[in-house]
Every structure is written in C-alpha cells, then in structure tokens.
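Novice: just coords:
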C-alpha cells in the first residue's frame with residue numbers, strides 16, 4: 001500500500017445510512033420545513049464526524065425510497081417523513097445531495113438489490129410477476145436476477161436517477177439479501193450480473209460526460225469471503241479488473257467480523273484504482289442481546305483491516321450516539337494510542353438461507369466427551385506486535401458445560417500455555433440477555449500475555465487457539481463449548 005495515498009496517515013470513512021434517519025428521527029413532525037431541517041442537521045452531524053462519503057437507500061423492493069419516479073412510481077410505505085417532505089416541494093434526494101456537497105462530502109445512491117424483510121411491502125413490479133420471483137429462499141418475495149426484465153427495470157431506474165439528480169455515484173448492496181439467483185445457481189448465472197454491472201458503468205460514464213466530470217463512482221457491498229462471492233454469482237475479480245467498480249465493501253450481513261481476510265480483496269485491486277473499505281457494524285453477533293460494539297471494539301476491527309491494506313471503513317446502521325467514534329477510526333496512529341478489544345463470536349451459528357449466504361459462521365470449538373481425545377481449535381486474527389513493551393494483552397474465553405473436576409490444556413499457536421499464566425473463574429449464573437448472549441453456567445479462562453516477550457504467545461496476524469479436554473472420573477457424555485473468545489490489548493500511556 002502506497003503511503004502517499006493516505007495523507008497524514010488517514011483513511012476514508014464511508015457512512016451507509018440504512019434508512020436510519022428516516023425511521024429514527026423523521027416521525028416527530030409532518031411539517032416539510034421541519035423535516036428538511038432535521039435531515040440537514042443529520043447530514044451536518046455526519047460531516048462533523050469526519051465522514052467523506054454518505055450512502056443512503058434509494059432503491060428497495062422496487063420502490064424509489066426518497067422521492068418521485070416515473071420508472072418506479074410507487075413510494076415506499078415505510079417512509080412517511082420523505083413523503084411529507086415531497087408534499088412540501090422538497091425532494092429528499094436533492095436535499096441529501098445539496099447538503100452533502102455543502103459539507104464537502106460525496107453522496108452515493110444505495111440500492112438494496114434484493115431486500116426481503118419478511119412481511120414488508122414490495123412494489124407491484126414484483127407482485128405482478130410471480131414468475132420472476134425466487135422460490136428457494138425465505139422472506140420476500142425476492143426477485144430472480146436470471147430474468148432479463150428484472151435487470152432491465154433497475155437499469156431504467158438508474159438511468160432516470162442519473163438524469164434527474166446530481167449523485168456522485170451508486171452503490172449496489174448485494175448483501176440485502178445475498179441471493180440474486182436460486183441457491184446453488186449463482187456461479188452459472190454470474191455472467192448476467194457482470195453484464196448488468198457493465199451496463200451500469202456505461203450509464204455512469206455517460207452521465208459523467210454530460211456533467212463534465214471525469215467519473216461517477218460505483219461501489220459494491222459483498223460478503224466477507226471470496227468463496228461466498230463466487231457462490232452467489234458476484235464476479236468480483238472481473239468487476240475490478242475491467243474497471244467497472246471503484247470500491248468494494250466486504251461485509252457480514254449484520255455483524256462486525258474481525259477475521260475478514262482483507263488482503264484477499266486488496267490483492268484483486270493491484271494495478272487498479274479500486275479501493276477496499278471493510279464494513280463495521282454496531283452489533284457483534286446474532287442473539288447478542290443489549291451488547292453493542294464499543295470504541296475499543298471498533299479500534300480493534302480497524303486495526304485488523306488497515307494492517308492488511310484497507311483504504312478506509314464503511315459504517316452500517318450507525319446511530320447519532322456512535323458518530324463520535326468515527327474521527328478516531330480514520331487514523332491508524334490514533335488507533336494505536338487507544339486500547340483495542342478483539343471479539344471472535346459466533347456470527348451465524350444458526351444459519352438460514354433467508355439471512356445468510358450459504359455458510360455457518362461459527363468458529364467455536366466443541367469438545368465431545370465421547371471422543372477418545374476431545375479437543376478443538378479456533379482461528380483468530382490480531383494485528384498486534386505484542387513484543388512491544390508498551391502493549392499488554394489478555395486472552396479470555398468461556399468454557400460452557402465444563403465440570404468442576406475437569407481441566408483444559410490450552411495451546412496458542414502450538415505452544416502450551418503455562419498454568420501460572422491462566423486464571424479460571426466459575427460463573428454459576430451464566431450470562432443473561434442484558435449481559436449479551438444467553439449462556440449456561442461457565443468457567444471463565446483468562447490468559448495473561450507477558451509484556452514485551454521476544455516471541456509472544458499471540459503473534460501479529462492469524463493465530464490458533466487449541467483446547468484439549470482433560471477428563472476425570474464421572475464425566476463421559478456431553479460436550480464443552482469454548483465460547484466468546486476475546487483478546488484485550490491495553491496501551492501503556494505515557
């Protein structure tokens with residue numbers, strides 16, 4: 001990564017506003033002037049937080065979310081604030097554009113490519129054509145991009161949007177909701193989405209030429225693994241190599257994934273101008289209860305992403321209270337001066353095709369007492385040089401189902417952890433919803449990583465925790481789950 005690309009060591013911050021402002025703040029009044037003022041204040045808050053690019057949902061379920069359209073004439077029924085603004089003569093899209101540009105930010109029109117919130121209303125384009133609907137996924141109803149009229153209708157809307165509004169680009173949110181084709185047919189239909197992407201680029205280039213601009217942006221939000229991208233029909237390498245897309249957002253469906261292999265995405269961009277902006281989310285895992293990411297969590301995710309070549313971050317579903325974190329997340333030097341908290345939770349232990357791509361995302365080791373030698377391993381990424389004497393670290397996890405007369409042998413990257421470096425505490429109450437994910441009683445294991453070791457137990461990069469169950473008499477059935485693996489990194493302040 002060329003350091004010259006990042007003046008003052010800063011990365012860019014992209015903010016994806018998933019209709020949060022409309023649903024959270026624009027229901028208190030129906031007055032168009034007041035609604036416009038609320039929206040402008042929100043945009044000003046984003047600017048004050050150091051956001052460079054704002055994306056808001058423009059297309060969802062074949063509705064045009066913010067304002068009027070002849071191609072998609074139906075207004076989304078869940079956006080009364082935008083509707084009331086339009087009644088007063090204000091087009092919400094233009095308010096976004098004008099205020100973003102006033103604050104020196106880019107405005108990107110985001111498309112939820114196949115949203116299927118269960119029970120949500122959908123446009124007549126979908127309901128009038130059941131033959132174009134996906135059958136093998138839940139929710140919806142979703143559409144099948146294998147049908148040319150589906151893709152063509154969206155292209156017509158894009159052309160109208162670019163003609164009527166001075167947007168700086170478009171972002172395709174392929175993560176809403178992942179499947180564009182019948183499950184298992186993504187790879188054979190991938191050329192259809194690539195053709196769709198080429199045609200979108202042609203529309204963007206034509207609009208840029210009309211406006212006398214060098215280029216309008218096209219971003220894509222995709223799964224956090226290349227294998228899932230391929231499975232779903234997202235030919236990311238082709239999109240990047242042909243110069244069709246300007247940025248890529250590797251992202252989980254809903255949660256911050258500390259283990260994203262950012263370098264695999266960055267490698268695809270070599271020799272191109274395309275940038276990688278991994279996503280960070282306020283939520284940490286499915287069934288996380290009241291637990292939300294803290295500043296230390298965000299620092300840890302950003303540390304992992306920047307270490308492997310990310311050009312910045314994209315936020316998703318942030319609230320006003322969390323915007324204050326953003327100025328501290330764009331500068332790796334600032335991040336290095338604060339404590340980091342790495343969390344490796346089961347993102348999707350109960351995967352369903354309705355929400356996910358195809359993969360269970362649950363790295364927890366499960367030790368089965370019925371096996372001759374119960375043991376398991378978990379991979380985790382920590383971009384930290386713990387030989388630095390200014391850093392102190394602890395690793396902890398919760399052993400759920402472990403009996404009092406049992407013990408665990410623990411290895412980090414093949415090295416057995418000394419008993420003197422391990423603390424074991426029993427929590428007879430387990431964990432309730434207010435504390436996070438519900439857990440049965442567990443033993444909390446805490447491992448202190450000595451400061452300034454020449455060869456730390458946790459290496460800078462990808463690590464492996466291996467746990468072996470040492471049984472005693474009376475325990476021969478059931479399992480022990482190693483849950484909620486975490487690494488805390490504390491920075492010694494001068």
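Specialist: Structure's in. What do you need? The model shown is predicted, which means the values in this text are computed figures rather than measured ones.
Novice: quick one: the helices in the stretch 101-250 of the chain?
Specialist: 124-127, 148-164, 186-211, 226-232, 236-241 (DSSP state H, counting those that start in this stretch).
Novice: can you list those helices in a markdown table and add distance to residue 336?
Specialist: Where you see a C-beta, it was placed from the backbone N, CA and C, and this is true even at glycine. Listed next are the helices of the stretch 101-250 of the chain as a markdown table, based on distance: least, CB to CB, whole Å:
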| stretch | distance to residue 336 |
| --- | --- |
| helix 124-127 | 48 |
| helix 148-164 | 41 |
| helix 186-211 | 37 |
| helix 226-232 | 29 |
| helix 236-241 | 30 |
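Novice: Quick one: closest of those helices to residue 112.
Specialist: The stretch from those with the least distance to residue 112 (CB to CB) is helix 148-164; that distance is 11.1 Å.
Novice: Which one of the helices of the stretch 101-250 of the chain lies nearest to residue 450?
Specialist: Among the helices of the stretch 101-250 of the chain, the nearest to residue 450 by CB to CB is helix 226-232 (36.9 Å).
Novice: Report all helices and strands that the closest one contacts.
Specialist: Here helix 226-232 touches helix 186-211, going by 3 or more CB pairs under 8 Å, 6 or more residues apart in numbering; DSSP states H and E.
Novice: Mind listing what's buried along the helix it packs on?
Specialist: For helix 186-211, the neighbour count (16 or more other CB atoms under 10 Å) marks 186, 189-190, 192-194, 196-197, 199-201, 203-204, 207-208 as buried.
Novice: Stretch 85-93 now?
Specialist: Buried positions in stretch 85-93, judged by neighbour count with 16+ other CB under 10 Å: 85, 86, 90, 91, 92, 93.
Novice: ok so, going back, export the helices of the stretch 101-250 of the chain to JSON lines and tack on mean pLDDT and distance to residue 258?
Specialist: Conversion of the helices of the stretch 101-250 of the chain to JSON lines gives the following (pLDDT from 0 to 100; distance: least, CB to CB, whole Å):
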{"stretch": "helix 124-127", "mean pLDDT": "93", "distance to residue 258": "36"}
{"stretch": "helix 148-164", "mean pLDDT": "98", "distance to residue 258": "34"}
{"stretch": "helix 186-211", "mean pLDDT": "98", "distance to residue 258": "26"}
{"stretch": "helix 226-232", "mean pLDDT": "95", "distance to residue 258": "17"}
{"stretch": "helix 236-241", "mean pLDDT": "98", "distance to residue 258": "21"}
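Novice: mind checking which of those is nearest residue 172?
Specialist: Taking CB to CB as the criterion, helix 186-211 is the member of the helices of the stretch 101-250 of the chain that comes nearest to residue 172, at 7.8 Å.
Novice: tell me the angle that closest one makes with helix 148-164.
Specialist: Compare the direction of helix 186-211 with that of helix 148-164 by axes from the mean of the first three to the mean of the last three CA atoms, to 10 degrees and you get 20 degrees.
Novice: Packing partners of helix 186-211?
Specialist: Packed against helix 186-211 by the contact rule (3+ CB pairs under 8 Å, 6+ apart) you find helix 148-164, strand 169-173, strand 217-222, helix 226-232, helix 236-241.
Novice: Minimum distance to residue 275: which of the ones you listed has it?
Specialist: With respect to residue 275, and counting by CB to CB, the nearest of the helices and strands packed on helix 186-211 is strand 217-222 at 9.1 Å.
Novice: by how many degrees do the closest one and strand 169-173 diverge?
Specialist: Here strand 217-222 runs at an angle of 10 degrees relative to strand 169-173 (the same axes, to 10 degrees).
Novice: Need the per-residue pLDDT for residue 2.
Specialist: For residue 2, the model assigns a pLDDT of 43.
Novice: go on, residue 8?
Specialist: On the pLDDT scale, residue 8 gets 69.
Novice: taking the buried residues of stretch 85-93 one by one, which sit in strands?
Specialist: Of the positions in the buried residues of stretch 85-93, not one sits in strands, assigned by DSSP state E.
Novice: which ones among these are found in helices?
Specialist: Filtering the buried residues of stretch 85-93 for membership in helices, criterion DSSP state H, returns 85, 86, 92, 93.
Novice: Next, format those as JSON lines and append pLDDT.
Specialist: Conversion of those to JSON lines gives the following (pLDDT from 0 to 100):
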{"residue": "85", "pLDDT": "92"}
{"residue": "86", "pLDDT": "89"}
{"residue": "92", "pLDDT": "93"}
{"residue": "93", "pLDDT": "94"}
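Novice: Provide the strand pairings for the longest strand along the chain, with the direction of each partner.
Specialist: In the chain, with assignment by DSSP E, the single longest strand is strand 479-491. Listed by DSSP bridges, the sheet partners of strand 479-491 and their directions read strand 340-344 (antiparallel), strand 366-368 (antiparallel), strand 391-400 (antiparallel).
Novice: can you put those in CSV and add distance to residue 284, mean neighbour count and mean pLDDT?
Specialist: CSV is the format used below for the strands paired with strand 479-491 (distance: least, CB to CB, whole Å; neighbours: other CB atoms under 10 Å; pLDDT from 0 to 100):
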stretch, distance to residue 284, mean neighbour count, mean pLDDT
strand 340-344, 6, 24, 98
strand 366-368, 20, 17, 96
strand 391-400, 15, 21, 97
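Novice: contacting residues around residue 198?
Specialist: Residues near residue 198 by CB atoms under 8 Å, 6 or more residues apart in numbering: 242, 244.
Novice: Go again with 7 Å.
Specialist: Contact criterion CB atoms under 7 Å, 6 or more residues apart in numbering gives residue 244 as the residues in contact with residue 198.
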